[in-house]
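Peer 1: Predicted coordinates and the sequence they were generated for:
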Amino acid sequence: MDIDKKQLSEFEAGLNPLDINASTVPGKIIGYGEISAIFQIKDDTSLVYKRMPIFDSVDQAEDYDSKHGEYCKLLSQAGLTIPEHESLVVDTKGRPVSLYIVQKQLKGEQFCHKLIHTLEKDASLALIEQIIEEMQKVWKYNNAAGPAMELALDGQLSNWVRLEDNTLNYIDTSTPLFKIDGIEQQNPELMLKSCPSFLVWIIRAFFLSDVMERYYDFRLVCIDLAANLFKEQKQDLIAETISIINRYLPENQPELTIKEVESYYKEDKLIWSLFLAFRKLDRWIKTKLLGKRYEYLLPGNIKR
């Protein structure tokens, strides 16, 4: 990939996390996840960046980068297609060590959470079934690999992009989720770095393991996918989506119900809404009361 490493270093050195457009090298937010923002630098529309300033040392960042590379390789071995990508560790004086994950920028209108608003109902349901078939590749890979290797993923609609040839790209690779011999390879403590300090002990005690483990359970990932339709204001697709999912669930698992999906959505909405509100409060305390720098690019208001 043609990444201007000097410009990236200059971007990090002059980054204004409160207003990326006001950075010395300006950026532009083009999308949000639950945790972070996705952006381009200057007017380069060929690449997108995700910045992870969660590391205490270059060695720690490089270890994470190595696991990210392994995760991408394993997803490809499982049969998924991921965009062209590269990652770079940036160590700038006065800043935390950051890992920038860079991907080829794909067309916004091809993201599946947008396609379901432009396609006819039957075509939207066919797209959702295609996503489920892609997700199932991961669990088929896990079953073939046995306990030695186990992959996970987040299957919600915004993590999939359908290209002109109708193939799907899976884009959410920044959090490596895989186990070797039953041992999680991701250091969960790194995920707490961006949490408000006054919430860390609560999240560590009550939520962290559950949040990470849900992505290893095909049924839970499918529930999350169906619940995502509430967030996207596409309730008219939910009943048929549940019927599709039930055809793909193992025979020894109970079928999904609308009540179960709706309950999951309400709980998930509450958790992520509170989490973002507390992160914004943490940013306000650090910048306005303590006069400190806040390092994270927070999502804007997310419609749920």
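Peer 2: Okay, I see it. Numbers count the residues shown, from 1 in each chain.

Peer 1: Now do the helix or strand hosting residue 101, average pLDDT.
Peer 2: Assigned by DSSP states H and E, residue 101 falls within strand 97-104. Across strand 97-104, the average pLDDT comes to 95.

Peer 1: can you list contacts of the helix or strand following that strand?
Peer 2: Using DSSP H and E, the helix or strand that follows strand 97-104 towards the C-terminus is helix 112-115. Residues outside helix 112-115 that contact it (CB atoms under 8 Å, 6 or more residues apart in numbering): 108-109, 124, 127, 131, 156-158, 160-162, 168, 228, 232. All C-beta spots, glycine's among them, are computed from the backbone N, C-alpha and C.

Peer 1: So which of those belong to helices?
Peer 2: 124, 127, 131, 228 (DSSP state H).

Peer 1: Need the nearest residue in space to the third one, chain neighbours excluded.
Peer 2: Same thing as residue 131. residue 160 (5.4 Å; CB to CB, 6 or more residues apart in numbering).

Peer 1: what's the answer for residue 62, then?
Peer 2: Looking at residue 62 with CB to CB, 6+ apart, the closest residue is residue 89, at 5.8 Å.

Peer 1: So for the host helix or strand of residue 30, what gets flagged as buried?
Peer 2: For residue 30, the element it lies in under DSSP H and E is strand 27-32. Neighbour-count burial for strand 27-32, with 16 or more other CB atoms under 10 Å as criterion, is recorded at 27, 31, 32.

Peer 1: any chance you could map the helices in the stretch 51-200 of the chain?
Peer 2: 58-78, 112-115, 121-145, 188-191, 200-206 (DSSP state H, counting those that start in this stretch).

Peer 1: Look at the nearest residue to residue 227 once chain neighbours are set aside and tell me its secondary structure.
Peer 2: Leaving aside its sequence neighbours, residue 227 sits nearest to residue 265 (CB to CB, 6+ apart; 3.8 Å). Secondary structure state of residue 265, per DSSP: H, G, I helix; E, B strand; the rest coil, is helix.

Peer 1: Correct me if wrong: residue 265 contacts residue 225.
Peer 2: No: with contact defined as CB atoms under 8 Å, residue 265 does not reach residue 225; the gap is 11.1 Å.

Peer 1: Residue 8: neighbouring residues, count only.
Peer 2: 19 (other CB atoms under 10 Å).

Peer 1: same question but for residue 118, I mixed them up
Peer 2: Neighbours of residue 118 (other CB under 10 Å): 9.

Peer 1: can you check the one 3 residues further on too?
Peer 2: Other residues within reach of residue 121 by the criterion other CB under 10 Å amount to 12.

Peer 1: ok, now residue 265?
Peer 2: Neighbours around residue 265, by other CB under 10 Å: 20.

Peer 1: Could you tell me how far it is located from residue 147?
Peer 2: 32 Å (CB to CB, to the nearest Å).

Peer 1: What of residue 90?
Peer 2: In terms of CB to CB, residue 90 sits 37 Å off from residue 147.

Peer 1: Comparing those two, which residue is more hemmed in?
Peer 2: residue 90 (20 against 10).

Peer 1: so what pLDDT did that one get?
Peer 2: Value listed for residue 90 in the pLDDT field: 95.

Peer 1: go on, the one 3 residues further on?
Peer 2: At residue 93, the model reports a pLDDT of 89.
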